[in-house]
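Student: Need the 3D shape of this:
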Amino acid sequence: MNEVKTRADLVVTRGQEVLEAGVETLKAVNAVIVDGVQTLVQTNVAAGKALVELTQASFEKAKADGIKAVASNPMAYLPEGKATVVNAYTDSLSTVSKTGEQLAKTLKSGYGSIAAKLSGESVAAQAGKAAKAARKTVRKAAGKARKAAAAA
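Tutor: Next up, the predicted model:
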């Protein structure tokens, strides 16, 4: 009877540790996602503001020059926003890629911690395995991001 009680206590303790590790992992994942989304929004809002300013300047120029000048050379009155859009796209792609890498690393680390707590292993042994797997995932994601950037 004592052996069963000892084993039950061990299972309960490990269960509590797993729950705590899971909650900490979810908090870390949430922080990574929130940071990535905030960076993405800031980048695109700044690009949008720049495009609005360029468009307003182009409109004011067309308004000042008159309809005849615009009709004779309409291309001169188009806003120069290509660089702004391309830079925003590149920054967004980079942010999404970095966020994905951080997310994968965080999830693998959390999974390793939970697995270690379930099996009763030391967290350091599992962390080494998780870090190796995370590095491999990061290399794959970076390669995909480079290919996507080259294709754009």
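Student: Got the confidence number for the most far-flung residue of the chain relative to its centre?
Tutor: Computed with C-alpha atoms, centre = their mean, the residue of the chain farthest from its C-alpha average is residue 1, at 51.5 Å. As predicted, residue 1 sits at a pLDDT of 76.
Student: Also residue 7?
Tutor: 84.
Student: tell me the SS of it?
Tutor: Secondary structure, DSSP: H, G, I helix; E, B strand; the rest coil: residue 7 is helix.
Student: any idea how far it lies from residue 102?
Tutor: 38 Å (C-beta to C-beta, to the nearest Å). The way it works is simple: take the backbone N, C-alpha and C, and place the C-beta from them, glycine included.
Student: Between these two, which has more neighbouring residues?
Tutor: Remark: of residue 7 and residue 102, residue 102 carries more neighbours, 19 against 10, as counted by other C-beta atoms under 10 Å.
Student: Kindly tell me how buried residue 105 is, as a neighbour count.
Tutor: 20.
Student: Show me the residue at the heart of the chain, geometrically.
Tutor: Geometric centre of the chain, nearest residue: residue 99, 2.2 Å, by C-alpha atoms, centre = their mean.
Student: which stretch of helix or strand covers the closest residue in space to that one that isn't next to it in sequence?
Tutor: In space, not counting the residues next to it along the chain, residue 99 is nearest to residue 36; the distance is 3.1 Å by C-beta to C-beta, 6 or more residues apart in numbering. According to DSSP states H and E, residue 36 maps onto helix 2-65.
Student: Good, wrapping up.
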